[in-house]
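Q: Sharing a model prediction with you, sequence too.
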Amino acid sequence: MDCTNKLKIVYGDVTFGIHGEGFDYIFSYMRGGLESLVKDGKEWLYRSPRPTFWRATTDNDRGNGFSVKSGMWLGADLFQKCVGIRITVDGGAIENFLPPQNNGYSNDEYAKEAEISYTYETITVPATTVDVTYHVTADGKIHVNVQYHGGKGLPELPVFGMRFVMPTKADGYVYEGLSGETYPDRMAGGIPGVYEVDGLPVTPYLVPQECGMHMETEWVTVYRSKTLDNSSENVKKSGLTFTSGEKRFGFACIPYTAEELENATHHEELPAARRTVLTICGAVRGVGGIDSWGSDVEEDYRIDAEKDIAYEFTIE
């Protein structure tokens, strides 16, 4: 068989492997997500990417009580269940990917493209679902499609996106989009261009809170030179690029999750910066700023959780 420019497919008992020249991807059935993303020998995932629904509370959120009204999304961000997995290889649905039926596959399975989809169910009341589909082509690109299904009676969302936690703190990132920190209601001062950011800066608010968002982004490349043990000796600097689809995305790239920011009342209470937390967002709530004593975000900059949200991006 001519295996040139094809993916090697491995039907494991608990994982689905996709391998090619310079890349190895492992998708977990048990954990319900992309478990390993290795490019040129370097691992890019510390945890499986999952949908994210929460951003750290801002001063304005505290003032208008938004976090109390939408607090169930914090629980949904922390705890979610994978309720469905679907696999397609070269356009054909794979029904028997679990053991023992998958014993019918050999060690030499190849394809031009493969797709795995996960459905996650939220713990909100009422519950809703999110579909995340990874479509891998022979050149190693991962096309990610994310679909949130709106549910009647759900409170407004703080944010909706995908959170990628990387094993080490990044050296920095480069992106094409608006300059500075921007939000849907704070974009007027942003100038389109290509910008390089050293390190993973966290805005020094008196109380740690949501920060670091960049709206209207065409692409972002994260650069790392450290290995999992945080050493950088003889390690080549490498990058991973996330490119928007038809709809530009917002992103934040900092060393903390929303929950870690939420738990700190002062910056010295934040944990040591060991990881990179990249959030690729399909919807972002505005930050307001009319005052911090009760005025809500303007209606045009809120996220209606009763409506569907869909977006896509490519990892390369």
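A: Received it, and whenever you're ready, just let me know what you need. Numbers count the residues shown, from 1 in each chain.

Q: Which strands border the helix or strand where residue 34 lies, and is each parallel or antiparallel?
A: If you go by DSSP states H and E, residue 34 is part of strand 33-39. If you go by DSSP bridges, strand 33-39 pairs up with strand 23-28 (antiparallel), strand 42-43 (antiparallel).

Q: Flag whichever of these has the least confidence on average.
A: For the strands paired with strand 33-39, mean pLDDT drops lowest on strand 42-43, to a mean of 93.

Q: quick one: that one to chain centroid distance?
A: Centre-to-centre, strand 42-43 and its host chain are 17 Å apart (C-alpha atoms, centre = their mean, to the nearest Å).

Q: on that earlier part again, most tightly surrounded among the strands paired with strand 33-39?
A: By mean neighbour count, with neighbours taken as mean count of other C-beta atoms under 10 Å, strand 23-28 ranks first of the strands paired with strand 33-39 at a mean of 21. Heads up, the C-betas are built off the backbone N, CA and C, glycines and all.

Q: For the protein, which segments are assigned as helices?
A: Listed in chain order, the helices of the chain (DSSP state H) span 59-64, 66-69, 72-78, 258-263.

Q: Can you list the low-confidence ranges for this protein?
A: Judged by pLDDT under 70, the chain has its weakly predicted residues at 1-4, 229-235.

Q: okay but residue 296 is in contact with residue 64, surely?
A: Yes: applying C-beta atoms under 8 Å, one finds residue 296 in contact with residue 64, separated by 4.6 Å.

Q: residues shared between the contacts of these two?
A: Taking C-beta atoms under 8 Å, 6 or more residues apart in numbering as the criterion, residue 296 and residue 64 both touch residue 288.

Q: hmm, back to that, any buried residues in the strand holding residue 34, and which?
A: Neighbour counts over strand 33-39 (16 or more other C-beta atoms under 10 Å) mark 33, 34, 35, 37, 39 as buried.

Q: circling back to that earlier point, out of the strands paired with strand 33-39, which is closest to residue 228?
A: Evaluated over the strands paired with strand 33-39, closeness to residue 228 peaks at strand 42-43, with 6.8 Å, by C-beta to C-beta.

Q: Residue 301: how many residues sit nearby?
A: 16 (other C-beta atoms under 10 Å).

Q: how about the strands of the stretch 51-200 of the chain, start to end?
A: Counting by DSSP state E, counting those that start in this stretch, one finds strands in the stretch 51-200 of the chain at the ranges 80-89, 92-94, 109-111, 113-122, 129-137, 142-148, 159-166, 172-178, 192-198.

Q: Quick check: which of those is nearest to residue 271?
A: strand 159-166 (13.1 Å).

Q: Just checking the distance from that closest one to the centre of its chain.
A: Its chain's average C-alpha position is 3 Å from that of strand 159-166, according to C-alpha atoms, centre = their mean.

Q: got it, and stretch 140-157?
A: Its chain's C-alpha centre and that of stretch 140-157 lie 11 Å apart, by C-alpha atoms, centre = their mean.

Q: Please save the CA atoms from it in PDB.
A: In PDB, the C-alpha atoms belonging to stretch 140-157 read as follows (Å, rounded to 0.1, in the frame of the first residue of the first chain):
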ATOM      1  CA  GLY A 140      -1.300  17.600  10.000                       C
ATOM      2  CA  LYS A 141      -3.700  20.400  10.300                       C
ATOM      3  CA  ILE A 142      -6.500  20.100  12.800                       C
ATOM      4  CA  HIS A 143      -9.700  21.900  11.800                       C
ATOM      5  CA  VAL A 144     -11.800  22.400  15.000                       C
ATOM      6  CA  ASN A 145     -15.600  23.100  14.800                       C
ATOM      7  CA  VAL A 146     -17.400  24.200  18.000                       C
ATOM      8  CA  GLN A 147     -21.100  24.300  18.300                       C
ATOM      9  CA  TYR A 148     -23.000  25.500  21.500                       C
ATOM     10  CA  HIS A 149     -26.700  24.600  21.500                       C
ATOM     11  CA  GLY A 150     -28.800  27.300  23.200                       C
ATOM     12  CA  GLY A 151     -31.300  26.300  25.800                       C
ATOM     13  CA  LYS A 152     -34.400  28.100  26.900                       C
ATOM     14  CA  GLY A 153     -34.200  29.400  30.500                       C
ATOM     15  CA  LEU A 154     -30.400  29.600  30.700                       C
ATOM     16  CA  PRO A 155     -28.800  32.700  32.200                       C
ATOM     17  CA  GLU A 156     -26.400  34.900  30.100                       C
ATOM     18  CA  LEU A 157     -23.000  33.500  29.400                       C
END
